[in-house]
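> Here is a sequence with its predicted model. Questions after.
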Amino acid sequence: MVSEPWGVSPRTIRAKGPWANALRLTHHSPLTKLEGEETMASYFAEAGVAVGTDLPIINVAGGTSIREKLFEWLISFSTAPADVATLFKIARTTDAGTGGTALTAAKHDPLTVAATGAPKSGTYTTAPTDEGQGQRFSINQRSSQRWTAREGKELISAAAANNGIMLNSQSSGGTPTCEATLNWEE
């Protein structure tokens, strides 16, 4: 049984030819909720920050009652093109750090409740502490990158005070401005 809370109804894809009955498929939109399935609220935060050594781009700190599930990030550079590589790291954090500028956690669905996670960016007095392990990757300033988690393979924060997920520039051959967006569920 399928319910369509967003007005999206399943459609049947019909095949032609001798195998038509065997190939009848039902397609469900990713927005179609299966009966009994819980949906999580999803949010995004975006920031433009000059990269450098150990600089938090975006940190989303949570609370004791929620866990952030990072399911997508996007990174590009808005400064004049140059051949500059920047090493980034996405990691879980064990504190929110001090300083930084509060960002708005925008809702993907306007009917969703406000986010519990508190995204921040900018200059920190003390950067958030990452737990040590994380996903490290380099991006050239001339490119843009998007990462999307497979279902069930999202990066999930611990449900503890101020724990969260952070995008950090670990090192760079220059100081280009990084435009980043994190998408998460909670």
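Great, that's in hand.
> In terms of residue numbering, what are the domains of this structure?
What automatic domain parsing lists as the domains of the chain is 1-39, 42-185.
> Let me know the next secondary structure element after the helix or strand containing K89.
Taking DSSP states H and E as the definition, K89 sits inside strand 85-93. Moving toward the C-terminus from strand 85-93, the next helix or strand (DSSP H and E) is strand 98-102.
> Where does the residue nearest to S144 when sequence neighbours are not counted fall, secondary structure wise?
The spatial neighbour of S144 that comes closest, neighbours along the chain excluded (Cβ to Cβ, 6 or more residues apart in numbering), is S76 at 3.8 Å. C-beta: built from backbone N, CA, C; applies to glycine. Here S76 sits within strand 69-77, counting by DSSP H and E.
> Please name the strands paired to that strand in the sheet, noting orientation.
strand 145-148 (antiparallel), strand 155-156 (antiparallel), strand 177-185 (antiparallel) (DSSP bridges).
> got the buried residues for it?
For strand 69-77, the neighbour count (16 or more other Cβ atoms under 10 Å) marks 69-71, 73-77 as buried.
> Please give me every residue in contact with the residue most central in space within the chain.
Here the mean C-alpha position of the chain is nearest to the C-alpha of N183 (Cα atoms, centre = their mean), at a distance of 2.8 Å. N183 makes contact with 42-44, 70-73, 108, according to Cβ atoms under 8 Å, 6 or more residues apart in numbering.
> again with A180
Counting by Cβ under 8 Å, 6+ apart, A180 makes contact with 46-49, 57-58, 73-75, 167.
> and what of P81?
Here P81 is in contact with 141-142 (criterion: Cβ under 8 Å, 6+ apart).
> shift numbering so it begins at 481
All right, first residue 481 from here; so that's P561.
> And for T628, the neighbour number?
Using other Cβ atoms under 10 Å, the number of residues around T628 comes to 12.
> ok, now how distant is it from A576?
Note on T628: its distance to A576, by Cβ to Cβ, to the nearest Å, is 26 Å.
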